[in-house]
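**Q** Sequence isn't available, so here's the structure alone:
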RNA sequence: GGGGAGAUACUCAAGUUUGGUUAACGAGGACAGACUGUAAAUCUGUUGGCUAUGCCUUCGCAGGUUCGAAUCCUGCUCUCCCCA
């Protein structure tokens, strides 16, 4: 443990804010924690960061706690929110917690030895309100809590204001830290930059109640150059880790489309590759950026981690087929099957097909267009391709359009594909 | 409770005084085309729907006036501001 993990994390761009003295604290084995509130039934790309950081610590011989915040989710964190969250039902939170837990277990399976999963409902449900506001509340002035960014912002916001429920969130999370410090000897809490206020509340609480010094740090919000959050696709949707919410193909493609400007940053953040390996990759990438060495590495690496090696390999193959100049006519059927299974698709019986079906009707069903007018316009703009050839007329599909006996590949623009299977 | 302002498409935002070339200026975003490398920048186009060179439906909601309404009238809902 001679190498200083803080320096490594700084180099990777994974530290935004840190409590002074943390460098010394991590020289000896420490227990570190982060939490996820089960606000959804799946984690998304943004949630990967805390896990990545914990694994970095893990690799250096530290212990980690991953907290599922079923109790905190019940209250709703006001951080980075302009208006109050809609309260989730207890059962919903419970179900979410379960599926998130399973996801986390899969993500940390190679490092699970020193990682423990906990759910704060287990200790918070036994808390008595009176006792809590007296024994915990007494350590904080309202003035202190009001100075937190997340609260301040909402106090200024006349439109929505902040409910007492949300106002008290920070205390509950602080209590978690206190509990984990006492029961698990946890010394460090980490989180995204929006968690700084909550983390420092916990640190303060522990200091005032027990006199112990504990630490924390936050990592930056990952953004694109235009300031948008990274990890959301263009239309603002999250990139989810659940393959039913975001297909592995789409997940992979998301990273393939990272711009050169960002890819160096992201490969440091999102992979565990060593500085030497990364520096070398960057060097090679710069020799010929058009080869997209870093994008390919990043996409494959993360898809493999989140969706498995086999899946990642398959997707790499079909991406090659779809995006490169490959004669589809010469392709073996097994590749079409692979494509069919991994990208948006539709099945049609041959009998239906023979009745005559217009291209625009297929496009409407593809999900890429919300209306026929839209696909009509796209066709006029030369952005519809049928088996890689531009198609300008809304023709009725015939046998001649079918390749490899069963398939028709539609392409919209440069990046969206759709496959029709007829049998 | 009293007074004032407002609600227009994904968002911001014209248009309302003086009703009619207004599917609704403009900006942003998004998407597409060209150029490229599934990058960035730039240029161009599109951005209500359909049985598609035509037709239908939209300006908070519901009615009304009119040959014709986002625009005028009535009622309703909601939002913001000021005073109590």
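**A** Yep, that arrived. Keep in mind that what you see is a predicted model, and the values were worked out from it rather than measured.
**Q** And the helices in the stretch 151-300 of chain A, which stretches?
**A** With DSSP state H, counting those that start in this stretch as the criterion, the stretch 151-300 of chain A has helices at A:164-167, A:169-184, A:196-210, A:248-256, A:260-270, A:275-287, A:293-307.
**Q** and of the ones you listed, who's closest to residue A:363?
**A** When the helices of the stretch 151-300 of chain A are compared by C-beta to C-beta, helix A:248-256 sits nearest residue A:363, at 18.7 Å. For the C-beta atoms, the positions are set from N, CA and C on the backbone; glycine is no exception.
**Q** That closest one and RNA strand B, are they touching?
**A** Yes. Residues of helix A:248-256 contacting RNA strand B under C-beta under 7 Å from any atom of the strand: A:253, A:256.
**Q** Which other helices and strands does that helix contact?
**A** helix A:293-307, helix A:309-323 (3 or more C-beta pairs under 8 Å, 6 or more residues apart in numbering; DSSP states H and E).
**Q** how about those helices in TSV, adding distance to residue A:25?
**A** Below are those laid out as TSV (distance: least, C-beta to C-beta, whole Å):
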stretch	distance to residue A:25
helix A:293-307	28
helix A:309-323	36
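**Q** which of the ones you listed is buried the deepest?
**A** Mean neighbour count (mean count of other C-beta atoms under 10 Å) peaks for helix A:293-307 among those, with a mean of 21.
**Q** quick one: that helix to helix A:275-287, angle?
**A** Between the axes of helix A:293-307 and helix A:275-287, defined by axes from the mean of the first three to the mean of the last three C-alpha atoms, to 10 degrees, the angle is 130 degrees.
**Q** which residues are contacting helix A:293-307?
**A** A:48, A:107, A:241, A:243, A:248, A:251-258, A:260, A:263-264, A:266-267, A:270-271, A:273, A:281-282, A:284-285, A:311-312, A:315-316 (C-beta atoms under 8 Å, 6 or more residues apart in numbering).
**Q** Please indicate which of those residues are buried?
**A** Neighbour counting by 16 or more other C-beta atoms under 10 Å classes A:48, A:107, A:241, A:243, A:248, A:251-256, A:258, A:263-264, A:266-267, A:270-271, A:273, A:281, A:285, A:311-312, A:315-316 among those as buried.
**Q** how deep is the closest residue to RNA strand B within the stretch 151-300 of chain A tucked in, by neighbour count?
**A** Using C-beta to the nearest atom of the strand, residue A:259 is the residue of the stretch 151-300 of chain A that sits closest to RNA strand B, at 2.7 Å. Residue A:259 has 10 neighbouring residues, counting by other C-beta atoms under 10 Å.
**Q** Look at it and report its pLDDT.
**A** Note for residue A:259: predicted pLDDT of 90.
**Q** same deal with the one 5 residues further on?
**A** Among the per-residue scores, residue A:264 holds a pLDDT of 93.
**Q** next one: residue A:226
**A** pLDDT, residue A:226: 56.
**Q** could the helices and strands packed on helix A:248-256 be laid out in JSON lines, adding distance to RNA strand B?
**A** Listed next are these as JSON lines, based on distance: least, C-beta to the nearest atom of the strand, whole Å:
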{"stretch": "helix A:293-307", "distance to RNA strand B": "6"}
{"stretch": "helix A:309-323", "distance to RNA strand B": "3"}
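**Q** Now render these as JSON lines, adding mean pLDDT.
**A** Output for the helices and strands packed on helix A:248-256, formatted as JSON lines (pLDDT from 0 to 100):
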{"stretch": "helix A:293-307", "mean pLDDT": "97"}
{"stretch": "helix A:309-323", "mean pLDDT": "96"}
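**Q** Would you state the strands of the stretch 301-423 of chain A in chain order?
**A** Per DSSP state E, counting those that start in this stretch, the stretch 301-423 of chain A carries strands over the ranges A:345-348, A:384-386, A:389-390, A:407-412, A:416-422.
**Q** Would you format these as a markdown table with mean pLDDT and mean neighbour count included?
**A** Shown next, in a markdown table, are these (pLDDT from 0 to 100; neighbours: other C-beta atoms under 10 Å):
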| stretch | mean pLDDT | mean neighbour count |
| --- | --- | --- |
| strand A:345-348 | 92 | 16 |
| strand A:384-386 | 93 | 19 |
| strand A:389-390 | 90 | 10 |
| strand A:407-412 | 94 | 22 |
| strand A:416-422 | 94 | 21 |
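**Q** Dump those to a markdown table, plus distance to residue A:323.
**A** Shown next, in a markdown table, are the strands of the stretch 301-423 of chain A (distance: least, C-beta to C-beta, whole Å):
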| stretch | distance to residue A:323 |
| --- | --- |
| strand A:345-348 | 17 |
| strand A:384-386 | 12 |
| strand A:389-390 | 16 |
| strand A:407-412 | 10 |
| strand A:416-422 | 9 |
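**Q** Please consider this matter closed, and thank you.
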